[in-house]
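Novice: fold the following and give me the result.
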Amino acid sequence: MSAANTSGKRKRGPRGNAERVRGLLVMLPWLAGRGTVSVAEMARQFRMTEEALIADLELASMCGVPPYSPAELTDLWVEDGVIHVGHMHLFDRRLDMSASEAFGLALLAAAARDLPGFRASRALKSALAKIAKVMGDSVVAVDVETPEHLSAITASAESGERLRIEYWTPGRNEVTERTITVRAVFADRGHWYVTAEDGLREAVRHFRVDRIRSVEGTGQHVPVAPESPSVPDWFADAEGRTRVTLEVGPEAAWIVETYPCEVIEERADGTVVARVVATSEHWLGRLLLRGRGGVRVTDPAEMTDLDVRTARQVLERYRTTPGS
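Specialist: The predicted model follows:
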């Protein structure tokens with residue numbers, strides 16, 4: 001049986017997280033029973049590419065049981081083309097759920113119902129029915145961001161149809177028309193993103209789905225690339241990017257939680273030193289103003305006074321506006 005596709009036929013388009021997890025629940029017990037197996041043999045067994053198999057095993061290596069310390073994570077590694085397995089706590093005992101574990105499953109299932117392409121398996125439906133008997137039917141309600149054009153974008157990833165979109169770029173506050181070939185759709189930090197070949201820039205770019213203003217099919221189709229969704233190295237493809245070091249106080253912690261960044265230092269007083277990529281001074285200046293004094297630039301030197309300069313520009317605009 002294929003872990004990637006239990007029907008025996010390869011599904012077109014990127015594999016979703018639900019499909020990857022279902023596959024791992026089949027593969028890990030098989031792997032635990034063998035201890036050591038070559039990557040090539042396991043890829044053949046489950047009818048996957050070696051690249052996709054290794055990506056799924058990397059995902060599994062970050063999973064474990066409470067308290068999720070290194071000793072409780074899935075113990076497996078790949079060396080010289082061979083997969084080695086240590087002790088797997090996941091399969092030590094029958095899964096008798098605690099109340100918090102049952103609530104967590106109900107929470108994830110409620111969130112998953114709004115994800116594009118999600119289909120609950122018979123086993124999941126059975127588990128949720130049993131939880132409902134014990135905890136009640138209305139265990140939890142989850143509001144998951146579902147941008148207007150998410151379904152059309154996801155369908156394009158599966159069909160290979162190129163799309164014509166209008167996309168708003170906040171750094172320049174402009175809307176441009178682009179023709180894109182969708183390769184992957186994924187979620188990160190509460191937002192949905194698209195990895196696509198951008199006809200305007202002739203490069204692979206990342207777009208936030210909620211910034212897409214319109215979507216129109218072109219009728220042109222390309223072969224679907226078997227690319228697994230993954231969180232990219234943010235802004236690696238951004239034009240005019242500048243790496244900026246910020247000192248963020250506790251009152252502006254939402255900046256670190258909301259925007260992709262590299263945390264350099266976490267101090268005892270709650271202050272965080274982080275590095276972000278600014279695609280324009282306009283965007284960064286507005287971010288500093290929204291921080292209301294709780295964030296400042298420490299590097300590069302020419303941007304350390306950007307908050308003051310931006311505030312002066314805003315005040316000057318109000319002074320020169322008729323009727324102000």
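Novice: helix/strand/coil for V175?
Specialist: What DSSP: H, G, I helix; E, B strand; the rest coil gives for V175 is strand.
Novice: measure it to T36 for me?
Specialist: 55 Å (CB to CB, to the nearest Å). Placement of C-beta: from N, CA and C, glycine included.
Novice: ok, these two, which is more surrounded?
Specialist: Comparing V175 with T36 by other CB atoms under 10 Å, the one with more neighbours is V175, at 12 against 9.
Novice: counting neighbours, what do you get for the closest residue to the more buried one other than its chain neighbours?
Specialist: Leaving aside its chain neighbours, V175 sits nearest to W168 (5.0 Å; criterion: CB to CB, 6 or more residues apart in numbering). Neighbourhood size, W168 [other CB under 10 Å]: 15.
Novice: quick check: W168 is in a helix.
Specialist: No: W168: not assigned to a helix; according to three-state DSSP it is strand.
Novice: you'd agree it is up against R213?
Specialist: Yes: between W168 and R213 there is a contact under CB atoms under 8 Å: 5.8 Å.
Novice: identify the contacts common to the two.
Specialist: Common contacts of W168 and R213 (CB atoms under 8 Å, 6 or more residues apart in numbering): V175.
Novice: strands of the protein, start to end?
Specialist: Per DSSP state E, the chain carries strands over the ranges 36-38, 76-79, 82-85, 161-169, 174-188, 191-198, 203-208, 212-221, 242-248, 262-266, 272-278, 295-299.
Novice: okay, now the domains of the protein?
Specialist: The record's domain parsing of the chain by automatic domain parsing lists 17-135, 150-221, 242-320.
Novice: bridged to the spatially closest residue to S156 that is not a sequence neighbour, which residues?
Specialist: Spatially, and ignoring its direct neighbours in sequence, S156 is nearest to V182 (4.4 Å; CB to CB, 6+ apart). Bridge pairing for V182 (DSSP bridges) gives the partners A196.
Novice: could you verify my assumption that V182 touches I153?
Specialist: Yes: counting by CB under 8 Å, V182 touches I153, with 5.9 Å between them.
Novice: which of the two has more neighbours?
Specialist: Shown here are V182 and I153; by other CB under 10 Å, V182 has more neighbours (28 against 23).
Novice: restrict stretch 271-287 to CA atoms and write it as PDB.
Specialist: Only the C-alpha atoms of stretch 271-287 are listed here, as PDB (Å, rounded to 0.1, in the frame of the first residue of the first chain):
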ATOM      1  CA  THR A 271      12.900  42.300  25.100                       C
ATOM      2  CA  VAL A 272      13.700  40.400  21.900                       C
ATOM      3  CA  VAL A 273      16.400  41.200  19.400                       C
ATOM      4  CA  ALA A 274      15.300  40.000  16.000                       C
ATOM      5  CA  ARG A 275      16.400  40.300  12.300                       C
ATOM      6  CA  VAL A 276      13.700  40.900   9.700                       C
ATOM      7  CA  VAL A 277      13.900  41.600   6.000                       C
ATOM      8  CA  ALA A 278      12.500  45.000   4.900                       C
ATOM      9  CA  THR A 279      11.500  45.300   1.300                       C
ATOM     10  CA  SER A 280      11.100  49.100   1.500                       C
ATOM     11  CA  GLU A 281      11.600  51.900   4.000                       C
ATOM     12  CA  HIS A 282       7.900  52.800   3.500                       C
ATOM     13  CA  TRP A 283       6.900  49.400   5.000                       C
ATOM     14  CA  LEU A 284       9.400  49.400   7.800                       C
ATOM     15  CA  GLY A 285       8.700  53.000   8.800                       C
ATOM     16  CA  ARG A 286       4.900  52.200   9.100                       C
ATOM     17  CA  LEU A 287       5.800  49.100  11.200                       C
END
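Novice: that one - what's its average pLDDT?
Specialist: For stretch 271-287, the mean pLDDT works out to 86.
Novice: what residues sit buried inside it?
Specialist: Using 16 or more other CB atoms under 10 Å as the test for burial, stretch 271-287 gives 271-274, 276-281, 284-285, 287.
Novice: can you pull the contacts of the residue lying closest to A252 once chain neighbours are set aside?
Specialist: Leaving aside its sequence neighbours, A252 sits nearest to G294 (CB to CB, 6+ apart; 3.2 Å). G294 sits next to 248-252 when contact means CB under 8 Å, 6+ apart.
Novice: V204: which of these is nearest?
Specialist: V248 (30.5 Å; CB to CB).
Novice: confirm for me that that closest one is in contact with V256.
Specialist: Yes: V248 is in contact with V256 according to CB under 8 Å; the separation is 5.6 Å.
Novice: who touches both of the two?
Specialist: With CB under 8 Å, 6+ apart as the test, V248 and V256 both reach 272, 274.
Novice: show me which of the two is the more surrounded one.
Specialist: Using other CB under 10 Å as the criterion, V248 and V256 rank with V248 on top: 23 against 18.
Novice: for that one, list each beta-bridge partner.
Specialist: With DSSP bridges as the criterion, V248 is bridged to V272, V295.
Novice: per-residue pLDDT, it?
Specialist: With respect to pLDDT, V248 has a value of 93.
Novice: so who does it touch?
Specialist: The neighbourhood of V248, defined by CB under 8 Å, 6+ apart, consists of 255-256, 271-274, 291, 294-295.
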